[in-house]
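**Student:** have a look at this prediction, sequence included:
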Amino acid sequence: MTPDLFADGPSPAERAQQLRALLHHHAHRYYVLDEPDIPDAEYDRLFRELQELEQQHPELLTRDSPTQRVGGAVLDSFSSVRHAVPMLSIRTETDTQASGAVAFDARIRRELGLAEAAPPVEYVAELKFDGLAISLRYEKGVLLRAATRGDGEVGEDVTHNIRTIGQIPLRLPDGVPPVLEVRGEVYMRRDDFDALNQRQRDRIAAGAKGEKTFVNPRNAAAGAVRQLDSGIAARRPLSFFAYGLGEVTSEADGGPRFETHLGVLMRLRDWGFPVAAQTRLCRGAAELVAFHREIGALRDTLAYDIDGVVYKVNDLALQRRLGFVTREPRWAVAHKYPAQEQLTTVQAIDVQVGRTGKLTPVAKLAPVFVGGVTVTNATLHNELEARRKDVRVGDTVIVRRAGDVIPEVVSVLPDKRVGDPPPFSMPERCPVCGSEAVREEGEADHRCTGGLFCSAQRKQAILHYAQRRAMDIEGLGDKLVDQLVDARVVNSLPDLYRLGLTSLASLDRMAEKSASNLLQALEKSKQTTLPRFLFGLGIRHVGEATARDLARHFGSLDRIMAATVDELLQVPDVGPVVARSIHTFFDQAHNREVVEQLRACGVQWPEGPAQAPAASPLSGRTFVLTGTLPTLSREQAKEMLEAAGAKVAGSVSRKTDYVVAGEASGSKLDKARELGVEVIDEAGMLSLLQDGGVT
Ligand code: IVH
């Protein structure tokens, strides 16, 4: 059990004792077991509370307080390494706003005794990588030892695992100092992490025992570095960035002379170490602020996680003058971004009905501020996902929101579960219309079979049609659509164009002005384009891009409606699933009727001639990728296949044409064999792509 976080009114001494116990507990889970059960922000909060308590009551400070020690414990089974130069910690600027950078610069100027008129201080601004710190010791240019930070003085010897990281040179060019310690961060890229977890899921699905998925790239990386068996580490793709030095042969003994931190980084890059391209020389606070803002904006587009940026005084002589406070240099600071993970509780699990009838379980959360917004809902995707994560009502969960991505439940804290709530299961009937809910074979999603009989599907269909990227009917939002459908004023898309002032005025809270605005917007929407109209119809699998491709290829709606599946497959990027979906849609009389009525209401667009079908060698073929390919990442392989007109699916079925299997392919490979689907390797795939030689 996790000790109670919120006991009532303890004395400062009791609270300090409590916090130490909690922090020891979580540090052990985090550093030793690599299985944290609270988000980092929560740990940081507890840590800061203890730090503050000890500052206010210095008599409460003990030698074993977690605040007196950086990092975690050393595992017994690894040999210990004493760092020749301690591995420092770094002070964290708690203000996540841009002003945090201003405060740091002001502190530096004060400590250096600089007058206001003195020129700006030069800093190196770097990314704060979210991995684990490693010290690499080279003697005579050969990698001798790699050690974790441990408690800053003594770390663990993880040389055998670190050697497996391709980005870390085993031998350095001639001319490097005889003793050279390089410090930096070992981390896992997000795509590598996703592929690893996919592999783990495949293994678990195939019945492998003792396998688990990882919570985030940092834990996956930390777990890999701490493997006793380097074979396991080698199968977990790790990366490395260098950001500093440890012991280096002194100038007196013929070692190099460094004057600036940037000079150090440039030299490290010359010697073959990866240094992040975003690293920048900044003069004064304003440039630090700009860096913080720019990196914050592109944070989610990076290939790896960062949790902030780091500023370091560039001039090494100034660094020496500034010195240290305990384990933290005064010349550096970590400036964080708002946490992307937080703890909250699940108040209910609702089932929402989408436009195409898809039933989505959604966790209703106690409101929590994460990734810069207040989150109250997180999708659980489908029944399988909800069960895989085993989210239950009342559970305490970690929620993550990164950038514009939809908030997600990362994992449940099983220790905090109260009682024995039942596991989630999908209702047998649609919660809105009561029609049967079914899950088709080979699909993860349940669907309401009510079609447009289901008012939820009708509402979503209308909202989809009205959205800005489709027909752009301003003022037709979800509240109004709810009213229109519930009052049975609008039952289908064409009904929208039959609305008049009287029918609108009969609705609650509808002012005459907004009613006439809406009628105007509806009128305006009648002049549209073919791609917008097609997209607005809400055909399954037809997004904006496909709608554009269809319009360009066929030129007119009548030609699209009359197209056979084979003709549809000629459109670039349209695979069998999409082609069949379009064909089925227009095959149904009620859908054709809706189109005709919309046209009769005056909806129109310019049409053009049909284009010659583009030659795309693999068009219409479906591929499934599994395992690790020798040279291509899964994403690269997918892009290449799609560019050639093929479709890449997530699971193997009878419709699959090829399975491309790499190392450690799991259940998908078995399934392919079972179904007799052709299995090829990366080379086979490349040759198909090269000559388009599909028979
Ligand atoms: S410098 C002078 N630079 O953050 C302080 N650390 O407590 C020595 N980290 O776990 C560290 N990115 O591994 C430095 N660009 C960067 C960093 C960085 C991530 C980590 C480091 C350590 C923590 C610092």
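**Tutor:** Happy to help now that I have it.
**Student:** and the pLDDT at the residue in the chain that the ligand sits nearest to?
**Tutor:** The minimum distance from the chain to the ligand, using C-beta to the nearest ligand atom, falls at residue 133 (3.1 Å). C-beta: built from backbone N, CA, C; applies to glycine. Residue 133 is assigned 96 on the pLDDT scale.
**Student:** tell me, what residue is most central in the protein?
**Tutor:** The structure's the chain has its C-alpha centroid closest to residue 402; by C-alpha atoms, centre = their mean the separation is 6.0 Å.
**Student:** test my guess that that residue contacts residue 300.
**Tutor:** Yes. The criterion here is C-beta atoms under 8 Å, and residue 402 meets it with residue 300 at 5.6 Å.
**Student:** worst mean pLDDT across the helices and strands of the chain, which element?
**Tutor:** helix 230-234 (a mean of 77; mean pLDDT, DSSP states H and E).
**Student:** ok, the residue nearest to the centre of the chain - contacts?
**Tutor:** 300, 340, 371 (C-beta atoms under 8 Å, 6 or more residues apart in numbering).
**Student:** quick one: which of the residues you listed is most hemmed in?
**Tutor:** Greatest neighbour count in those, by other C-beta atoms under 10 Å, goes to residue 340: 24 neighbours.
**Student:** show me how far the strand or helix carrying residue 184 is from its chain's centre.
**Tutor:** Assigned by DSSP states H and E, residue 184 belongs to strand 179-187. Distance, stretch centre to chain centre, for strand 179-187: 27 Å (C-alpha atoms, centre = their mean, to the nearest Å).
**Student:** and stretch 625-642, by the same measure?
**Tutor:** From the chain centre to the centre of stretch 625-642 is a distance of 19 Å (C-alpha atoms, centre = their mean).
**Student:** cool, stretch 677-685 as well?
**Tutor:** 29 Å.
**Student:** show residues contacting that stretch.
**Tutor:** Contacts for stretch 677-685 (C-beta under 8 Å, 6+ apart): 623, 629-632, 637, 641, 652, 654, 656-662, 669, 671-673, 688.
**Student:** name the residues of that stretch that are buried.
**Tutor:** For stretch 677-685, a neighbour-count test (16 or more other C-beta atoms under 10 Å) marks 677, 679, 682, 685 as buried.
**Student:** likewise for stretch 518-537?
**Tutor:** Residues 518-519, 521-522, 525, 528, 530-537 are the ones in stretch 518-537 that count as buried (16+ other C-beta under 10 Å).
**Student:** and what of stretch 577-597?
**Tutor:** Buried residues in stretch 577-597, counted by 16+ other C-beta under 10 Å: 578, 579, 580, 581, 582, 583, 585, 586, 591, 594, 595, 597.
**Student:** gap between the residue nearest to residue 486 when sequence neighbours are not counted and residue 449?
**Tutor:** Closest residue to residue 486 apart from its sequence neighbours, by C-beta to C-beta, 6 or more residues apart in numbering: residue 455 at 7.2 Å. Separation of residue 455 from residue 449 (C-beta to C-beta, to the nearest Å) stands at 14 Å.
**Student:** now residue 217
**Tutor:** Applying C-beta to C-beta to residue 217 and residue 449 gives a distance of 40 Å.
**Student:** please say which of those two ends up with more neighbours.
**Tutor:** Between residue 217 and residue 449, counting by other C-beta under 10 Å, residue 217 is the more crowded of the two (24 against 15).
**Student:** would you list the phi and psi of the more buried one?
**Tutor:** In terms of degrees, to the nearest 10, the main-chain angles of residue 217 are phi -60, psi -40.
**Student:** show the contacting residues for it.
**Tutor:** 130, 131, 187, 188, 189, 190, 192, 193, 304, 305.
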